[in-house]
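Trainee: Mind folding the following:
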Amino acid sequence: MAVVLHTLLCLGLYLSQSTQVQEGYLPPPVIKGLPGSMVLSKKPVTILCDGPPEAEAYEIYKMKGPELRDRTKSLVTGKSNTVNISEIKPDLSGLYRCSYRSGRNWSLVSEPLYLVMTGAYEKPSLSSLSGTAVASGNNVTLLCFSKDKFQAFILMKDGLPTIQRKSSAHKNNKHQAVFHLGRVTSTQAGTYRCCGAFDDYPYVCSHLSDPLQLVVNEVPDGPTPTEPRHPQAPHHNPTKGYQHALVGVSAASIISIISIISIIVLFLFVIRHCKARTDTAKRERQPQRAGPMNGRASGATDSQDVTYFQVDFNVPTQGTASAPSSLPGQTQTSEYAMVTLR
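Mentor: Alright, predicted model coming up:
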């Protein structure tokens, strides 16, 4: 059973690969200009179609336009994968593509090579409206301008075979073109140049502008201007957390101690206040001491019971001492004291 399954899988893989080959699904080659795609007037250049080792034949052709149907007659057909141009001229500039054959099937067509002849006119200027050092995700706009009446401007980046072409506009007594790079990433950092051209020879260009170095700074875990920033978990420091725990425990202990002391003080105050009221009540319930015995009942209007005590005072008069029984000359005085019972 395992042998049958293995055989079926291999057969399916073979049929799938065969179908892809018949339909032209071989991977496309890479086309290059050596030493570069921007070639100074009257200088040599080599066009290379770089395919896999199993490639048996190549085709390199010049395009009349950007569409695949605009291809012209092949410049090369056979095992050679290069086209050598000893001297670049206006009629040799333009778009080039290539493909290769393996077995009976041809590959997909390569991306276009923009072969530009430079040095035909005075150079324009290139500047960045967003600055030369930007953060990743920011919008970048480049401006190529010249006092000459160029009908188009071409922007290229070193190391890349593709370029951008824009029609010029007359503004502020100069012709210019605006190139929007959009939100850039680190892959778009590098050296940019531009040149001016005319419609009759769209890939015959002026001298290249001075280089503009674009620096794109990556922001770690940083958002683009339209994306929200994702919060990051703070770095955990065990020692710091332990210190925070100690501070929290100490603060809680201090608050607890202050609360207990406050309760004790309040309790003692309530006890003392109650004791003071009790003592006052006891003193008020004790009999009041009599006032001066002047013979008047000072509390006669009080509705409480009043008891009077008679006190007799014997005051001796002057004379000779005699026996107690013979003291007719003594004067007797009576005073009354009032006692209130509560």
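Trainee: Now do the helices in the stretch 1-150 of the chain.
Mentor: Counting by DSSP state H, counting those that start in this stretch, the stretch 1-150 of the chain forms helices over residues 2-22, given from the N-terminal end onward.
Trainee: What ranges in it fall below the confidence cut-off?
Mentor: Low-confidence segments of the stretch 1-150 of the chain (pLDDT under 70): 1-24, 65-71.
Trainee: What are the contacting residues of stretch 54-62?
Mentor: 29, 31, 47, 49, 51, 71-83, 94-103, 106-107 (C-beta atoms under 8 Å, 6 or more residues apart in numbering). Quick note: C-beta positions are derived from backbone N, CA and C, even for glycine.
Trainee: Using PDB, list the CA coordinates for it.
Mentor: Once side chains and other backbone atoms are set aside, the C-alpha atoms of stretch 54-62 remain, and they are given as PDB (Å, rounded to 0.1, in the frame of the first residue of the first chain):
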ATOM      1  CA  GLU A  54      19.400  23.800 -17.500                       C
ATOM      2  CA  ALA A  55      18.600  26.600 -20.000                       C
ATOM      3  CA  GLU A  56      19.300  25.400 -23.500                       C
ATOM      4  CA  ALA A  57      18.700  28.500 -25.500                       C
ATOM      5  CA  TYR A  58      18.000  32.300 -25.000                       C
ATOM      6  CA  GLU A  59      16.100  35.100 -26.700                       C
ATOM      7  CA  ILE A  60      16.900  38.800 -26.100                       C
ATOM      8  CA  TYR A  61      14.800  41.400 -27.900                       C
ATOM      9  CA  LYS A  62      14.200  45.100 -27.900                       C
END
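Trainee: which of the residues in that stretch are buried?
Mentor: Neighbour counts over stretch 54-62 (16 or more other C-beta atoms under 10 Å) mark Ala55, Ala57, Tyr58, Glu59, Ile60, Tyr61, Lys62 as buried.
Trainee: how about the nearest residue to the last one, chain neighbours excluded?
Mentor: Closest residue in space to Lys62, ignoring its immediate chain neighbours: Thr72 at 5.1 Å, by C-beta to C-beta, 6 or more residues apart in numbering.
Trainee: what sits against the one you found?
Mentor: Tyr61, Lys62, Met63, Lys64.
Trainee: So it versus Arg97, what's the distance?
Mentor: Per C-beta to C-beta, to the nearest Å, Thr72 is found 10 Å from Arg97.
Trainee: now swap in His180 and tell me
Mentor: Look at His180 and Arg97: by C-beta to C-beta, they are 26 Å apart.
Trainee: Pick out whichever of the two has more residues nearby.
Mentor: Neighbours of His180 and Arg97, each counted by other C-beta atoms under 10 Å, are more numerous for Arg97; the result is 22 against 11.
Trainee: mind listing the strands in the stretch 151-300 of the chain by residue range?
Mentor: Secondary structure of the stretch 151-300 of the chain, counting by DSSP state E, counting those that start in this stretch: strands at 152-157, 163-167, 169-171, 174-183, 190-197, 212-217.
Trainee: Outline the domain layout of this structure.
Mentor: Following automatic domain parsing, one finds the domains of the chain at 20-118, 125-217.
Trainee: Now for His175, how many residues are close by?
Mentor: Tallying neighbours of His175 according to other C-beta under 10 Å, which is how burial is gauged here, yields 22.
Trainee: try Tyr25
Mentor: The local packing count at Tyr25 equals 13, with neighbours defined by other C-beta under 10 Å.
Trainee: is it true that it touches Trp106?
Mentor: No: at 10.4 Å, Tyr25 does not count as touching Trp106 under the criterion of C-beta atoms under 8 Å.
Trainee: For Ala197, give the beta-bridge partners.
Mentor: Beta bridges link Ala197 to Ala152, Cys205, judged by DSSP bridges.
Trainee: ok, back up a step: make JSON lines from the domains of the chain and add distance to Phe269 to it.
Mentor: Below are those laid out as JSON lines (distance: least, C-beta to C-beta, whole Å):
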{"stretch": "domain 20-118", "distance to Phe269": "94"}
{"stretch": "domain 125-217", "distance to Phe269": "67"}
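Trainee: Relative to Ala276, which of those is closest?
Mentor: domain 125-217 (77.8 Å; C-beta to C-beta).
Trainee: Between the two ends of that closest one, what distance do you get?
Mentor: Chord length of domain 125-217, first to last residue, is 25 Å (C-alpha to C-alpha, to the nearest Å).
Trainee: Check stretch 42-53 too.
Mentor: Between the opening and closing residues of stretch 42-53 lies a distance of 33 Å (C-alpha to C-alpha).
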